[in-house]
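> Okay, structure incoming, though there's no sequence with it:
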């Protein structure tokens, strides 16, 4: 019995060692694929992807926009299917983390804001990758160690209703919002702490505190959700907002809504990025999809969706969504380190 017992223990230990070794070998193989830059890269990826047959994509992109990218990819690679799972940014992190803790690895790609991917990177849950599609990108749009690349930008601007606010009188500087004539006419997205943090960092706490406390004195209407706020501006229920999304204004304007926007400098920009899951089950197919998303063809889909592309040769429609003004990006590292501090200030100064 003792011998049999020890034999079972040894067998289990050997199995565990074997599984660990296999996982290490597979991980090394995936790392080689993810960072491969050889001349035969495309052929290798296509051959591997045909065996894998699918890509599992967790994304916070809208259903309409994400389905356009799926269609583009599946038309190009008919034998590979995209398993599209649309979730909020918060739910992507929650679901992916829960699956990893349970030893379940379904996701290949995670597409959400850069601060969420920075959080996952710090947890060791992402894999760096290389794609030739981003070689000429603005360095601000690619994570330095290659853990993600941005597919679109969100610019925070002053959006306004042109029936309530004359174009010639629309605020051109943040300080213009403090004019008594705007009292009771301003709307704010109440959860926009990244915008608040970046302005505070840019101005310094003394100037920032003075501005925001005076802005609070303008009795702004606090809104929840940028889509709702854009709808209220278009309807004329809100006159103007200094933390509207420019692509909402551009999209509504093209539909005939009486809206416009001003790029008040410094414009605060946020990135929506794509990263590769550390234990991606379909690395070849995932890389093909990353290549396409960041290519000119993929970025034209972003452009057609009234979003702001990151590819240097694909301008948004209209170009003033990305050109002709100074913008600074939300720093995901700084965001994670300082957001608790700035969230408290925002609540104390603006929400109480």
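Received, thanks. Predicted model, so just to flag it, every value in this text is computed and none were measured. Residues are numbered from 1 along each chain as shown.
> After the lowest-mean-pLDDT helix or strand in the chain, which helix or strand is next?
The helix or strand of the chain with the lowest confidence, counting by mean pLDDT, DSSP states H and E, is helix 2-34 at a mean of 52. Counting by DSSP states H and E, the element after helix 2-34 in chain order, helix or strand, is helix 41-52.
> pLDDT value on residue 101, please?
You'll see residue 101 listed with a pLDDT of 94.
> Ignore what I typed, I meant residue 352.
In the prediction, the pLDDT value recorded for residue 352 is 85.
> Quick check: it vs residue 65, distance?
37 Å (C-beta to C-beta, to the nearest Å). Just so you know, the C-beta spots here come from the backbone N, C-alpha and C atoms, and that holds for glycine as well.
> Can you report how many residues neighbour the nearest residue to residue 260 once chain neighbours are set aside?
Once its chain neighbours are removed from consideration, residue 260 has its nearest residue in residue 162; the separation is 5.4 Å (C-beta to C-beta, 6 or more residues apart in numbering). As a burial measure, residue 162 scores 15 neighbours (other C-beta atoms under 10 Å).
> how close does residue 162 get to residue 55?
Using C-beta to C-beta, residue 162 is found at 43 Å from residue 55.
> Phi and psi next, for residue 343.
Taking degrees, to the nearest 10, you get phi -60, psi -40 for the backbone angles of residue 343.
> can you pull the contacts of it?
Under the criterion of C-beta atoms under 8 Å, 6 or more residues apart in numbering, the neighbours of residue 343 are residue 193.
> tell me the pLDDT at it?
Predicted confidence (pLDDT) for residue 343: 95.
> And it, how far from residue 350?
11 Å.
> Next secondary structure after the biggest strand by length in the chain?
Under DSSP state E, the strand in the chain containing the largest number of residues is strand 148-161. The C-terminal neighbour of strand 148-161 among helices and strands, as given by DSSP H and E, is strand 187-189.
> For that following strand, name the packing helices and strands.
Counting contacts by 3 or more C-beta pairs under 8 Å, 6 or more residues apart in numbering; DSSP states H and E, the secondary-structure elements packed against strand 187-189 are strand 221-223, helix 226-235, strand 240-245.
> Off-centre distance for the helix or strand just after that strand?
Tracing the chain past strand 187-189, the next element assigned as helix or strand by DSSP H and E is helix 193-203. Here helix 193-203 is found 18 Å from its chain centre; the criterion is C-alpha atoms, centre = their mean, to the nearest Å.
> tilt between whichever helix or strand comes after helix 193-203 and helix 193-203?
Downstream of helix 193-203, the first helix or strand assigned by DSSP H and E is helix 205-216. On the basis of axes from the mean of the first three to the mean of the last three C-alpha atoms, to 10 degrees, helix 205-216 is oriented at 130 degrees to helix 193-203.
> okay, now residue 219: neighbour count?
Neighbours of residue 219 (other C-beta under 10 Å): 11.
> thought it was touching residue 187?
No - between residue 219 and residue 187 there is no contact under C-beta atoms under 8 Å: 10.9 Å.
> picking up where we left off before, for the residue nearest to residue 260, what are phi and psi?
For residue 162, the backbone dihedrals (degrees, to the nearest 10) come out as phi -70, psi -10.
> Could you pull up the residues touching it?
Going by C-beta under 8 Å, 6+ apart, residue 162 touches 258-260.
> Equivalent analysis for residue 302, please.
Listed by C-beta under 8 Å, 6+ apart, the contact partners of residue 302 are 65, 151-152, 308-310, 314.
> can you check residue 52 too?
Residues touching residue 52, when contacts are defined by C-beta under 8 Å, 6+ apart, comprise 80, 281-285.
> Let's see that with 6 Å instead.
Residue 52 is in contact with 282, 284-285, counting by C-beta atoms under 6 Å, 6 or more residues apart in numbering.
> Highest neighbour count among those residues?
For these, neighbours were counted using other C-beta under 10 Å, and residue 285 has the most, 29 neighbours in all.
> distance of that residue from residue 50?
With distances defined as C-beta to C-beta, the gap from residue 285 to residue 50 amounts to 9 Å.
> Please enumerate the helices of the stretch 201-350 of the chain.
With DSSP state H, counting those that start in this stretch as the definition, the stretch 201-350 of the chain shows helices at residue ranges 205-216, 226-235, 246-254, 283-293, 296-304, 332-346.
> Buried deepest among these, which one?
Most buried of the helices of the stretch 201-350 of the chain, by mean neighbour count (mean count of other C-beta atoms under 10 Å): helix 283-293, with a mean of 25.
> does residue 120 sit in a helix, a strand or a coil?
Under DSSP: H, G, I helix; E, B strand; the rest coil, the three-state class of residue 120 is helix.
> Which residues are in contact with it?
Contacts were defined as C-beta under 6 Å, 6+ apart; by that measure residue 120 touches residue 126.
> Kindly report the same for residue 170.
Shown in contact with residue 170 (C-beta under 6 Å, 6+ apart): 160, 262.
> where's the residue nearest to the spatial centre of the chain relative to residue 331, distance?
Against the mean C-alpha coordinate of the chain, by C-alpha atoms, centre = their mean, the closest residue is residue 272 at 1.8 Å. Separation of residue 272 from residue 331 (C-beta to C-beta) stands at 15 Å.
> Understood, closing this out.
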